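1. could you work out the structure for the sequence below:
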Amino acid sequence: MKKLLFAFLILLAASTRAQNYQLIWSDEFSDSTINTLNWTHETGGSGWGNNELEYYTNRNVNSYIQNSSLVIEAKKESFGGKSYTSARMISKGKKYFTYGKIEARIKLPYGKGIWPAFWTLGENISTVNWPTCGEIDIMELIGGGANDKKVYGTVHWENNGHASYGGNYTLSTGIFADDYHVFSIVWNTKSIQWFVDGSKYVTIDITPAGLSAFHKNQFIILNLAVGGNWPGSPDATTIFPQKMYVDYVRVYQEIPASANEDEGNILPTQYKLENNFPNPFNPETEIGYQLSANSFVTLKVYDILGNEVTTLVNEEKPLGKYSVKFDTTNNNQLTTNSFPSGIYYYTLTAGTFRETKKMVFLK
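-> So this is what the prediction gives:
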């Protein structure tokens, strides 16, 4: 599937444009290892406030990349005084967002006591604690029997004590472990809506003052818990290991309606992505871009099949003009030692701006 990533992203951009949303960040899990610029592993066996039974590790047997998917694997083994191990990955301090469409394509595990989740917490949790920081559960599954076909979407916040609201979605046939499904929220200044494969199943109005937590930055969490207050413990029917496969995580943000008035100029004018020079080039070229506002910038190069060749920029940048060298002889800069002649594409993302341009490499 990732072989067609670039073509897919072009189609996706057209689709989200029609929906008034534009992709601003994603992790496609196309590298050989987990990207530490996006994720931090939380570790330990404290029970995580839910009397969970696993010990979360940062070992590559509990979380790893396989066939362009992130795999979080829960194992039955003695570790750190616990009988199970798994992984919990967070984007806190690295990637966080206020509003937008947040989605992931996931194939879920199953079985009694198995608890996978795709969710967010307020970036300010370290100062205001839970639930004041706010929590958005985009997807949770409590495994076992009929529960293997049901997922939940919920929010938690502080309202003179813990308050929560949400709903659930049940498959008409099969279970969520049979195949990948897309779990998403659409979150704006007025509401949060939950979807499975594009079907909306619950909405909450977040305009009341008591829900102010949901108008602030949230970071993303992916984890696979074993046991706990809600799912209960695994039993004799539970098979280990259990695996949660994540094909991608993507975040879109809304483009102002006025931006769509002219389809030939739908992107913010304050960003400029310059053509590389010379074109064709051999063996290196300069890619320039200009910002008139502080932005988190990513600049990636893809081959014609959509395989990512390299990430040249992936950080917050102040306003200004920048130039980045792309060197086809620098093996440390490339994801592969072989770099044939051909057509390549570089994609700049800055704030809500995203643009792709073509370049040609000739030996």
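
2. contacting residues around the residue nearest to the spatial centre of the chain?
-> By C-alpha atoms, centre = their mean, the chain has its centre lying nearest to Val249, at 2.6 Å. By C-beta atoms under 8 Å, 6 or more residues apart in numbering, the contact set of Val249 is 26-27, 102-104, 118, 220, 222. In this view, the C-beta of every residue, glycine as well, is placed from N, C-alpha and C.

3. kindly report the same for Glu42.
-> So Glu42 contacts 56, 88-90 (C-beta under 8 Å, 6+ apart).

4. show me the residues you listed that map onto helices.
-> Secondary structure from DSSP state H places none of the contacts of Glu42 in helices.

5. which among those residues count as buried?
-> 56, 88-90 (16 or more other C-beta atoms under 10 Å).

6. what's the farthest-apart pair in those residues?
-> Of all pairs drawn from the buried ones among the contacts of Glu42, the widest gap by C-beta to C-beta lies between Tyr56 and Ile90 and measures 10.6 Å.

7. where does the stretch 151-300 of the chain dip in pLDDT?
-> 255-277 (pLDDT under 70).

8. residue boundaries of the strands in it?
-> Here the stretch 151-300 of the chain has its strands, by DSSP state E, counting those that start in this stretch, at 162-170, 181-187, 191-196, 199-205, 218-226, 242-254, 271-273, 284-291, 295-303.

9. make JSON lines out of these and add distance to Tyr346.
-> As requested, the strands of the stretch 151-300 of the chain are exported to JSON lines (distance: least, C-beta to C-beta, whole Å):
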{"stretch": "strand 162-170", "distance to Tyr346": "39"}
{"stretch": "strand 181-187", "distance to Tyr346": "27"}
{"stretch": "strand 191-196", "distance to Tyr346": "32"}
{"stretch": "strand 199-205", "distance to Tyr346": "36"}
{"stretch": "strand 218-226", "distance to Tyr346": "26"}
{"stretch": "strand 242-254", "distance to Tyr346": "19"}
{"stretch": "strand 271-273", "distance to Tyr346": "8"}
{"stretch": "strand 284-291", "distance to Tyr346": "6"}
{"stretch": "strand 295-303", "distance to Tyr346": "5"}
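
10. packed most tightly, which of these would that be?
-> strand 218-226 (a mean of 25; mean count of other C-beta atoms under 10 Å).

11. which strand residues bridge the residue nearest to Thr311 when sequence neighbours are not counted?
-> Leaving aside its chain neighbours, Thr311 sits nearest to Lys300 (5.1 Å; criterion: C-beta to C-beta, 6 or more residues apart in numbering). Applying DSSP bridges to Lys300 gives these bridge partners: Thr311, Thr347.

12. hang on, isn't Lys300 packed against Tyr344?
-> No - Lys300 is beyond contact range of Tyr344, at 10.6 Å (criterion: C-beta atoms under 8 Å).

13. domains of the protein?
-> 21-254, 262-361 (automatic domain parsing).

14. just these: most buried one?
-> Highest mean neighbour count among these (mean count of other C-beta under 10 Å): domain 21-254, a mean of 18.

15. how close does Ser323 sit to Glu308?
-> 21 Å (C-beta to C-beta, to the nearest Å).

16. quick one: pLDDT of Arg88?
-> Confidence at Arg88, expressed as pLDDT, is 98.

17. bridged to the closest residue to it other than its chain neighbours, which residues?
-> Nearest residue to Arg88, sequence neighbours excluded (C-beta to C-beta, 6+ apart): Asn223, at 3.7 Å. On the basis of DSSP bridges, Asn223 is bridged to Arg88, Ala117.

18. do Arg354 as well
-> The partner residues for Arg354, given DSSP bridges, come to Thr349.
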